[in-house]
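J.: Sharing a sequence plus its predicted fold:
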2 protein chains.
Amino acid sequence: MDKITIALDAMGCDHGVSAVVQGAADAKKIFPFFEPVFFGHEDEIKPEIEKNGFEKFVHAPTIITPDESPTLAFRRKKDSSIVMGLKYVKEGSAQGFVSAGSTGALLTGATVIIGRKPGIERPALGTLLPAKKGFVLLMDCGANMDCKPSYLAQFAQLGSEYMQKCMKIDAPRIGLINVGTEEEKGNAAAKEAHALLKASGLNFAGNIEGREILSGEVDVAVCDGFTGNVLLKHTEGFAKILMSMIKEQLLSSTISKIGALLAKGAFAKLKKRVDYREVGGAPFLGLNQIVIKAHGSSDALAIKNAIRQCIEYSQSN
Amino acid sequence: MDKITIALDAMGCDHGVSAVVQGAADAKKIFPFFEPVFFGHEDEIKPEIEKNGFEKFVHAPTIITPDESPTLAFRRKKDSSIVMGLKYVKEGSAQGFVSAGSTGALLTGATVIIGRKPGIERPALGTLLPAKKGFVLLMDCGANMDCKPSYLAQFAQLGSEYMQKCMKIDAPRIGLINVGTEEEKGNAAAKEAHALLKASGLNFAGNIEGREILSGEVDVAVCDGFTGNVLLKHTEGFAKILMSMIKEQLLSSTISKIGALLAKGAFAKLKKRVDYREVGGAPFLGLNQIVIKAHGSSDALAIKNAIRQCIEYSQSN
């Protein structure tokens, strides 16, 4: 197997440089042909990679934080881990970039440095969500706020390609997230996008309502980045709240406590099934090269899976 | 206690006329001063109400179905249960209207027949969702697709009034649903609405992200009707999927099956907590009189609670 080099942002992760390096070490065990190059401050990276037997890194002295304006930060911080990592990929020195840093800066940087695929007006952020059966790719998850109908149709096209190549799904079923299944339903953008999708040649399953997003009836669920971002975060939040409600109820009596103890294994399996860390990161689709956004609160497991995703994506091209 | 008359659409409910009449009978037991007037086809209503000791009904021979265009149906079916019920409320013969029928027809009809409150450009549909603590009013849940910033600000004002009067919450905390907490985040409408809300004099808690909608930090969560409708239905769908995943896991081994049996009581309590039927219906806010939309798949319990909500809303004014 040929070597696959991946540029890793060592700085953007809430759990620190060590989580990124550990994630890379765990990925290396599964993919021996994988070669990481770490981007970030030398003083922080060096001791960590030496412990894990890695060598390659590029000193990037500054960090773009999530509260900075992406455009300003991108212009000012040419020596940041995000900008330097993206340039490294652009030059062809690595096959992809994985970062848990600022989504906005990553998007701005990737669009300017790496560039958009021909015919794509806006790259979008896709997220694989565990559905009733398999996974559904929700996109856009926050890259584009006010979307033209043509953007939505392109998100569908990009999502379809991704699910075909990376998830090995033939003719992925595309659903347009909307308030009703009838084609005249929705806001202005969704109504027009519906017509574009019908004529697109994609495997368009029509509008889907909120309750069908995770029901397993579609492989790609398309919406604007405002709706997608709110939906994605709400799903995370709601799962947590529901789990804490279950816990509270289970601990409310001795009998149900015993029940909970006996059902512990089942709950652990469920937790793994809905654990975002198992899925990996969110690919930016519509770019000329591979950029994966890992969750900001990623630990080594999530980083490992984002690297796996980057490798599989790279192999599929 | 003075008599409270409520007009009930007997026709729009998936579970039939009997569910509406049974819901009214159950409400009557708690609120003896409540007097229902049923709207719908005489042949269907008469036998049902006679069984339950009710008398008053108005013969409305046609039904507006959810797949009809609301505007057309409203214009053509003047003798439908929705149109006749709304007119009855407008005349002052009843204090409110409860219907499980077409949301669109109900909104169109209510806006034209009952009319908007002064200063309100668009009435909106609010839904009480069980949050980590108490309830959060999500609005708009589907009445208005493309929203001007001023609509969003008015939704906040209407939601604040409702939570104050009906849920007895002092200075309800308002959250604007958005993709980030920083005020420059969001789509065009949300950015401008943020500025309007800051200047509104309401207890504005700023932007909230998807994961905070149900966390109990706000009492009213404001968004456009497209986002709100998708969110609401997704919440319903996701809860069902998560519950079925839990069930599947619990039934996967004998030990966890025993655990599930012991924890049965705890699960039943949880189910009650997240059961939409316990909450009642969704009020249309911004109208001159009270109109409550009950869930289309309402049974007698849901109808009873929608009536309770209508009574409490009426008493609070």
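T.: Arrived safely. Numbers count the residues shown, from 1 in each chain, chains lettered A, B, ... in the order given.
J.: For burial, what's the neighbour tally of the closest residue to A:His59 other than its chain neighbours?
T.: Leaving aside its sequence neighbours, A:His59 sits nearest to A:Glu42 (C-beta to C-beta, 6 or more residues apart in numbering or on different chains; 4.3 Å). From N, CA and C alone the C-beta is placed, and that goes for glycine too. Neighbour count for A:Glu42, taken as other C-beta atoms under 10 Å in any protein chain shown: 13.
J.: Give me the pLDDT for A:Glu42.
T.: Listed pLDDT for A:Glu42 reads 96.
J.: That one and A:Gly101, how far apart?
T.: 18 Å (C-beta to C-beta, to the nearest Å).
J.: ditto for A:Ala188
T.: Taken as C-beta to C-beta, the span from A:Ala188 to A:Gly101 is 34 Å.
J.: more neighbours, those two?
T.: A:Gly101 (26 against 11).
J.: so what's the residue nearest to the more buried one when sequence neighbours are not counted up against?
T.: Distance criterion C-beta to C-beta, 6+ apart; nearest residue to A:Gly101, sequence neighbours excluded, is A:Gly12 at 2.6 Å. The neighbourhood of A:Gly12, defined by C-beta atoms under 8 Å, 6 or more residues apart in numbering or on different chains, consists of A:Ile63, A:Ser81, A:Ile82, A:Ser99, A:Ala100, A:Gly101, A:Ser102, A:Ala294, A:Gly296.
J.: In strands, which of these appear?
T.: Under the assignment DSSP state E, the contacts of A:Gly12 contribute A:Ser99 to strands.
J.: what two of the contacts of A:Gly12 have the greatest distance between them?
T.: Farthest pair in the contacts of A:Gly12 (C-beta to C-beta) is A:Ile63 and A:Ala294. Separation: 15.2 Å.
J.: Give me the more crowded residue out of these two.
T.: Set side by side, A:Ile63 and A:Ala294 show more neighbours around A:Ala294, with 30 against 20, by other C-beta under 10 Å.
J.: Would you check how far apart the more buried one and chain B are?
T.: 18 Å (C-beta to the nearest C-beta, to the nearest Å).
J.: Over to A:Asp2?
T.: 39 Å.
J.: Tell me where the model's unsure across chain A.
T.: A:1, A:276-278, A:296-297, A:317 (pLDDT under 70).
J.: just the helices in it please.
T.: A:17-30, A:42-52, A:70-76, A:81-90, A:103-109, A:149-166, A:188-198, A:225-250, A:254-262, A:264-273, A:276-279, A:300-316 (DSSP state H).
J.: Flag every residue of the stretch 1-150 of chain A that's near chain B.
T.: A:Asp67, A:Ala131, A:Lys132, A:Gly142, A:Met145, A:Asp146 (C-beta under 8 Å from any C-beta of the partner chain).
J.: tell me which of the contacts of A:Gly12 is nearest to chain B?
T.: A:Ser102 (11.0 Å; C-beta to the nearest C-beta).
J.: circling back to that earlier point, which one of the helices of chain A lies nearest to A:Leu176?
T.: helix A:188-198 (5.8 Å).
J.: And for the closest one, what's in contact with it?
T.: Against helix A:188-198 from outside (C-beta under 8 Å, 6+ apart): A:147-150, A:152-153, A:156, A:174, A:176-178, A:183-186, A:204, A:206-207, A:222-224, B:145-146, B:226.
J.: same question, stretch A:290-299
T.: Against stretch A:290-299 from outside (C-beta under 8 Å, 6+ apart): A:12-15, A:19, A:23, A:66, A:86, A:89, A:95-101, A:103, A:106, A:110, A:114, A:125, A:276-277, A:280-284, A:302-303, A:306, A:309-310, A:313-314, A:317.
J.: Quick one: buried ones out of those residues?
T.: A:12-13, A:15, A:19, A:23, A:86, A:89, A:95-101, A:103, A:106, A:110, A:114, A:125, A:276-277, A:280-284, A:302-303, A:306, A:309-310, A:313-314 (16 or more other C-beta atoms under 10 Å in any protein chain shown).
J.: Please tabulate the residues of the stretch 1-150 of chain A next to chain B in JSON lines, including the columns distance to A:Ile169 and neighbour count.
T.: Putting the residues of the stretch 1-150 of chain A next to chain B into JSON lines (distance: C-beta to C-beta, whole Å; neighbours: other C-beta atoms under 10 Å in any protein chain shown) gives the following:
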{"residue": "A:Asp67", "distance to A:Ile169": "38", "neighbour count": "10"}
{"residue": "A:Ala131", "distance to A:Ile169": "12", "neighbour count": "20"}
{"residue": "A:Lys132", "distance to A:Ile169": "15", "neighbour count": "17"}
{"residue": "A:Gly142", "distance to A:Ile169": "24", "neighbour count": "27"}
{"residue": "A:Met145", "distance to A:Ile169": "29", "neighbour count": "20"}
{"residue": "A:Asp146", "distance to A:Ile169": "30", "neighbour count": "14"}
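J.: Can you pick out the most distant pair from these?
T.: Most distant of the residues of the stretch 1-150 of chain A next to chain B, by C-beta to C-beta, are A:Asp67 and A:Lys132, 36.7 Å apart.
J.: Kindly provide the distance from the nearest residue to A:Gly159 once chain neighbours are set aside to A:Gly286.
T.: Nearest residue to A:Gly159 in three dimensions, chain neighbours excluded: A:Val220, at 3.7 Å (C-beta to C-beta, 6+ apart). Per C-beta to C-beta, A:Val220 is found 14 Å from A:Gly286.
J.: try A:Gly225
T.: 12 Å.
J.: Residues that sit against both of those two, list them.
T.: Shared contacts of A:Gly225 and A:Gly286, counting by C-beta under 8 Å, 6+ apart, come down to A:Ala124.
J.: May I have the residues that are in contact with A:Ser253?
T.: So A:Ser253 contacts B:Gly265, B:Ala266 (C-beta under 8 Å, 6+ apart).
J.: What of A:Ile177?
T.: Counted by C-beta under 8 Å, 6+ apart, A:Ile177 has contacts A:190, A:207-210, A:213, A:221-223, A:227-228, A:231, B:230.
J.: got a winner among these for most neighbours?
T.: In terms of neighbours by other C-beta under 10 Å, the contacts of A:Ile177 top out with A:Val222 at 35 neighbours.
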